[in-house]
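Visitor: coordinates only, sequence not included:
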């Protein structure tokens, strides 16, 4: 036992206390150890053998193994610091970008909400709202929906002559500066890549005489539509377009490509008219519209009245007229929307003007119908050619099946004779075709 204690504490075995003679039960037990200092190795050995670690630390030397700040410095964590800093910077930029976009979108809806609430019974996605004095002070969050950090949308319905209105705001990708810079750079080198811009795109869908398909009076404050209400007007394509986007617009949209382009002395030189008839232009180019265009300035991209699809029709069903009114303008960097409100108000009320007066002479409509009929004829011809090709393939398939059945029922000699005759017929056909060509 004394040897074990000596091994544990690194010193001589303590002297044994007197043991009563003849009492062998206490022979293996030693007396109390001398009060000698305890070193670090002594503590480690005792702990390793399951012994009790002394509680006194006055004589234990604290080395670098305990003091982490002596063994490591901040220079050892450079790589971790760079990664952590990059992550923090990315999060901060994302939060700043999304916050800036939300602020700009809220600024737009704050400026346009009074116009929308004045013209429509339902604005936004939170259901009908009762007008009150608080409307000018509190802006309901349901007026605008965030589809993505750069895209916001709103909706309105409940107005005479208008089925509903969709508005989309597209903002810069401020939450991803690298992506935004790359898009701007690519637009400089590739003509097919338009320059990124913050814009509002609104699409208004007129009733066009189909009020009976809805149930009027369901929304509080909505206009009661009588059965004799007529909201239809003649279909045509007409547009006011910024010259900077005119070429791109004509390439991208089928409906606009049907029109002719002509400048008007009544309009600023940066804008042009795209129309199917001069009489339609004379009717739509009102002093109120001209004034609104001048106030909007070159932020206005286009105002389009159309009944044709945006994409090239591929089937006859695609040629069915679907009337819409489109408005697109860029957002001002200053955040002041006062100059754009007149064109937005005119855009909403344009359906009233069309219902009242867009009923043109037969000569005008005949010219408009010619283009549509030509497109329909081309689709009908393509459809007939496709069906004829399918019928020809079916005939060839049936002919081949009949030939295979006939060959299968013949013996080897008869099959050889049959194939020779077939080859002769093919040769005669080829010679006949060559003679006709010559």
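Guide: Everything's here; your move. These figures come from a predicted structure and were not determined experimentally.
Visitor: CA atoms for contacts and neighbours, from now on please.
Guide: OK.
Visitor: what about the longest helix in this structure?
Guide: In the chain, with assignment by DSSP state H, the single longest helix is helix 362-408.
Visitor: distance from that helix to the middle of the chain?
Guide: 38 Å (C-alpha atoms, centre = their mean, to the nearest Å).
Visitor: and stretch 326-345, by the same measure?
Guide: Distance of stretch 326-345 from its chain centroid, counting by C-alpha atoms, centre = their mean, is 22 Å.
Visitor: residues making contact with it?
Guide: With contacts defined as C-alpha atoms under 8 Å, 6 or more residues apart in numbering, stretch 326-345 is touched by 104, 107-108, 111-112, 115, 197-204, 289, 292-293, 295-296, 299-305, 347.
Visitor: cool, stretch 264-280 as well?
Guide: So stretch 264-280 is in contact with 236-244, 256, 258-263, 281, 290, 294, 298, 360, 364, 367-368, going by C-alpha under 8 Å, 6+ apart.
Visitor: any idea how far that stretch is from the chain center?
Guide: 33 Å.
Visitor: please apply the same query to stretch 306-324.
Guide: Distance, stretch centre to chain centre, for stretch 306-324: 24 Å (C-alpha atoms, centre = their mean).
Visitor: on that earlier part again, ok, then the element right after the longest helix of the chain?
Guide: Next in sequence after helix 362-408, counting helices and strands by DSSP states H and E, comes helix 412-437.
Visitor: that next one vs helix 362-408, what angle?
Guide: 150 degrees (axes from the mean of the first three to the mean of the last three C-alpha atoms, to 10 degrees).
Visitor: mind checking how far residue 269 is from residue 263?
Guide: 8 Å (C-alpha to C-alpha, to the nearest Å).
Visitor: ok, these two, which is more surrounded?
Guide: Neighbours were counted for residue 269 and for residue 263 using other C-alpha atoms under 10 Å; residue 263 has more, 14 against 11.
Visitor: for that one, what are its contacts?
Guide: 269, 271, 272, 273.
Visitor: residue 349 and residue 326: what is the separation?
Guide: For residue 349 relative to residue 326 (C-alpha to C-alpha), the value is 13 Å.
Visitor: ignore what I typed, I meant residue 277.
Guide: 19 Å.
Visitor: tell me the pLDDT at residue 5?
Guide: Note for residue 5: predicted pLDDT of 46.
Visitor: sorry, back to before: would you show me how to pick out the buried ones of the contacts of stretch 326-345 in PyMOL?
Guide: To isolate the buried members of those in PyMOL, using 16 or more other C-alpha atoms under 10 Å:
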select buried, resi 104+108+111+112+115+198+199+200+201+202+203+204+289+292+293+295+296+299+300+301+302+303+304+305+347
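Visitor: that older thread, who has more neighbours, residue 349 and residue 326?
Guide: Comparing residue 349 with residue 326 by other C-alpha under 10 Å, the one with more neighbours is residue 326, at 18 against 15.
Visitor: what comes into contact with the helix or strand containing residue 185?
Guide: Residue 185 belongs to helix 177-189 when assigned by DSSP H and E. Applying C-alpha under 8 Å, 6+ apart, the contact partners of helix 177-189 are 172, 173, 174, 193, 194, 195, 196.
Visitor: mind listing which of the residues you listed are in helices?
Guide: Going by DSSP H, the helices hold none of these.
Visitor: the closest residue to residue 358 other than its chain neighbours: what secondary structure?
Guide: Distances taken as C-alpha to C-alpha, 6 or more residues apart in numbering put residue 233 closest to residue 358, at 5.5 Å, once the chain neighbours are dropped. Of the three states, residue 233 takes coil under DSSP: H, G, I helix; E, B strand; the rest coil.
Visitor: could you check how far residue 233 is from residue 207?
Guide: Residue 233 is 10 Å from residue 207, by C-alpha to C-alpha.
Visitor: which of these two has more neighbours?
Guide: Between residue 233 and residue 207, residue 207 has the larger neighbour count (other C-alpha under 10 Å), namely 23 against 20.
Visitor: wait, doesn't that one sit right on residue 230?
Guide: No: contact criterion C-alpha atoms under 8 Å: residue 207 and residue 230 do not qualify, at 9.2 Å.
Visitor: where do the helices sit along the stretch 251-400 of the chain?
Guide: 254-257, 278-284, 287-296, 341-357, 362-408 (DSSP state H, counting those that start in this stretch).
Visitor: elements contacting the first one?
Guide: Under the contact criterion of 3 or more C-alpha pairs under 8 Å, 6 or more residues apart in numbering; DSSP states H and E, the helices and strands touching helix 254-257 comprise helix 243-252.
Visitor: contacting residues around the helix it packs on?
Guide: Helix 243-252 is contacted from outside by 256, 257, 270, 271, 272, 301, 310, 311, using C-alpha under 8 Å, 6+ apart.
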